[in-house]
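[1] Provided below are the primary sequence and the corresponding predicted coordinates.
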Amino acid sequence: MTHILDDLDARGLLAHSTDPDALRAALSAGPVTYYVGFDPTAPSLHVGNLLQLLTARRLQMAGHKPLILVGGSTGLIGDPKQTGERSMNTKETVAEWVDKIRDQVSAFVDFDGPNGATIVNNLDWTQELNTIDFLRDIGKHFPVNRMLARDVVSSRLETGISYTEFSYVLLQSLDFLELYRRYGCVLQTGGSDQWGNLTAGVELIRRADAGKAHALATPLVTKADGTKFGKTESGTVWLDPELMSPYAFYQSWIQAEDSKVGDYLKQFTFLEVDQIDAVMAEHLEKPGLRAAQRLLATEMTALVHGSHEAIAAELASSALFGRGALEDLPESTLSAALQEAGVVHLATGDSPTLVDALVASGLADSKSAARRAIADGGAYVNNERVTDPDALLADGVLMHGSWAVLRKGKRSVAGVKLV
RNA sequence: GGCAGGUUGCCCGAGUGGCCAAAGGGAUCUGACUGUAAAUCAGACGGCAACGCCUACGCAGGUUCGAACCCUGCACCUGCCA
């Protein structure tokens, strides 16, 4: 049986860890209670958070007990980031997001059995916290000179950082200490950007309780150009289907770069490393088939939205991007595919123009943008390029009498049904 | 509270009375090549009833034929002093 640390390492999920030998021994000795936290900074988690959830799940599958923390209090404070001060959200908003995120994380861990997961909210132990006690019991363990030396803080000294954000690390460290005391939690995991917060907690446990705890960080997942993974052209890749349809989610994975798809398969899916290596070997032979991307997209969509949605997204994608001609698709297939991609209904009586349709479908942000797309030669109806900026939608041949497949550029497709 | 500097388009950043819808870079979009990949090259990149009009350079007023640019007030940010 492979040691969990070796599996994580083989998958490229280990960036840093405190005292690797001691951590390895602890994980071998028996079930370890560990935690990973998510702050409610939005109504949904995104794929960056997903990596942390899946890593937590890997540890659980290896027999360890997860605590999933939702940051009801830390979400009110804001983890400092390089770019500047966060805008504060109201307590009501944060409370709403806490509920949503609690529901989301619940889908990724197992609640049954001796190592069933527990979801905790740090508001439970901080909202009644007394300021004097906090400063005496927690604050005393934090040397300000060390806090100032942290990268995020020092980079913010020029532009400014509020005391609120400066204090964030104390709260996260307090969480670790609290979970150590309440649940015997001795390991915190997170992204490498969390390393400072993670080790601060380890240190607090040592100073306050003379306890031994560990931290483990996954690397920052990047795209081929080195930028942060999880943003597409249109924005963040959300897990909530209300914010991003399963089809769009599937599309975001299928567009993975060749140079990254192997890493993603290892880091995100539960396929065996050997199996992934075999797929990648084939992929290198015939990259044009994009077999690795297809596998990745299907696996991830199934993991997040269920296999039913994964199949639907896959079918829609192959119908719309497949080699076959659109007119060969039966109406039921076409309609189902377009439902996934997004459909707008337009009234035939209004004799909508292509420009109108591009805007209505969301493929273009404005009429100017739609005209620009047409002028650039990037607008297609039923896979035929249209270059007339004043074209009416009905000028082309409608599929099955009422459907038009709109495409802008290579990747963006939407359906229009004339009614 | 005082003094100094700052606030420009998605981001960074030039511009300091007309030639400014505003240089340059990044991001983004499109095309060519291709594979819903990368790299490269090229074009686009506020809006609209579109050779014109409207909106825009922190906010609100003012001076002027004309303001991102000058003046006044306000807000916020940074630094120094208290």
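    Thanks, I have it. Since we're looking at a predicted model, the values are computed, not measured. Numbering: from 1, shown residues only, chains lettered A, B, ... in the order given.
[2] Could you use CA atoms for every contact and neighbour count after this?
    OK.
[3] Now do whichever helix or strand A:Leu50 is part of: everything it contacts.
    Per DSSP states H and E, A:Leu50 falls inside helix A:47-61. Helix A:47-61 is touched from outside by A:4, A:13, A:35-36, A:38, A:65-66, A:105, A:108-110, A:115, A:189-191, A:218, A:221, A:229-230, A:237-239, A:267-268, with contacts defined as Cα atoms under 8 Å, 6 or more residues apart in numbering.
[4] Buried only: go through those residues for me.
    Buried by 16 or more other Cα atoms under 10 Å: A:4, A:13, A:35-36, A:38, A:65-66, A:105, A:108-110, A:115, A:189-191, A:218, A:221, A:229-230, A:237-239, A:267-268, out of those.
[5] Among these, which lie within helices?
    The helices, defined by DSSP state H, take in A:4, A:105, A:267-268 from the buried ones among the contacts of helix A:47-61.
[6] Could you work out the most separated pair of the residues you listed?
    Using Cα to Cα, the pair of these lying farthest apart is A:Ile4 and A:Val105, separated by 21.5 Å.
[7] before we move on, the earlier item: need the ones in helices among the buried ones among the contacts of helix A:47-61 in a markdown table (columns: distance to RNA strand B and pLDDT).
    Formatted as a markdown table, these follow (distance: Cα to the nearest atom of the strand, whole Å; pLDDT from 0 to 100):
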| residue | distance to RNA strand B | pLDDT |
| --- | --- | --- |
| A:Ile4 | 31 | 92 |
| A:Val105 | 28 | 94 |
| A:Gln267 | 18 | 95 |
| A:Phe268 | 18 | 95 |
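[8] and of these, the nearest to A:Leu23?
    Using Cα to Cα, those come closest to A:Leu23 at A:Ile4, 10.8 Å.
[9] Grab the nearest non-local neighbour of that closest one.
    A:Ala62 (6.4 Å; Cα to Cα, 6 or more residues apart in numbering).
[10] quick one, what contacts the closest residue to A:Tyr168 other than its chain neighbours?
    Using Cα to Cα, 6+ apart and skipping the chain neighbours, the partner closest in space to A:Tyr168 is A:Asp79 (5.8 Å). Going by Cα under 8 Å, 6+ apart, A:Asp79 touches A:165, A:168-169.
[11] In strands only, show me those.
    Using DSSP state E, no member of the contacts of A:Asp79 falls within strands.
[12] Hmm, which of those residues is lowest in pLDDT?
    Lowest pLDDT of those: A:Glu165, 86.
[13] SS state for A:Arg174?
    Not quite, residue A:174 is Leu, not Arg. helix (DSSP: H, G, I helix; E, B strand; the rest coil).
[14] What number of residues are in the vicinity of it?
    Using other Cα atoms under 10 Å, A:Leu174 has 24 other residues around it.
[15] who's in contact with it?
    Counting by Cα under 8 Å, 6+ apart, A:Leu174 makes contact with A:138, A:201, A:204.
[16] and if you look at A:Ala117?
    By Cα under 8 Å, 6+ apart, the neighbours of A:Ala117 are A:65-68, A:109-111.
[17] Tabulate the residues you listed in JSON lines, adding columns for pLDDT and distance to RNA strand B.
    Formatted as JSON lines, the contacts of A:Ala117 follow (pLDDT from 0 to 100; distance: Cα to the nearest atom of the strand, whole Å):
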{"residue": "A:Lys65", "pLDDT": "94", "distance to RNA strand B": "38"}
{"residue": "A:Pro66", "pLDDT": "96", "distance to RNA strand B": "35"}
{"residue": "A:Leu67", "pLDDT": "95", "distance to RNA strand B": "35"}
{"residue": "A:Ile68", "pLDDT": "96", "distance to RNA strand B": "32"}
{"residue": "A:Val109", "pLDDT": "94", "distance to RNA strand B": "30"}
{"residue": "A:Asp110", "pLDDT": "92", "distance to RNA strand B": "32"}
{"residue": "A:Phe111", "pLDDT": "93", "distance to RNA strand B": "35"}
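[18] got any ranges where chain A has weak pLDDT?
    By pLDDT under 70, the low-scoring segments of chain A are A:1, A:158, A:231-234.
[19] that older thread, of the contacts of A:Leu174, which is the nearest to A:Thr131?
    Proximity of the contacts of A:Leu174 to A:Thr131, judged by Cα to Cα, is greatest for A:Ile138, which lies at 10.1 Å.
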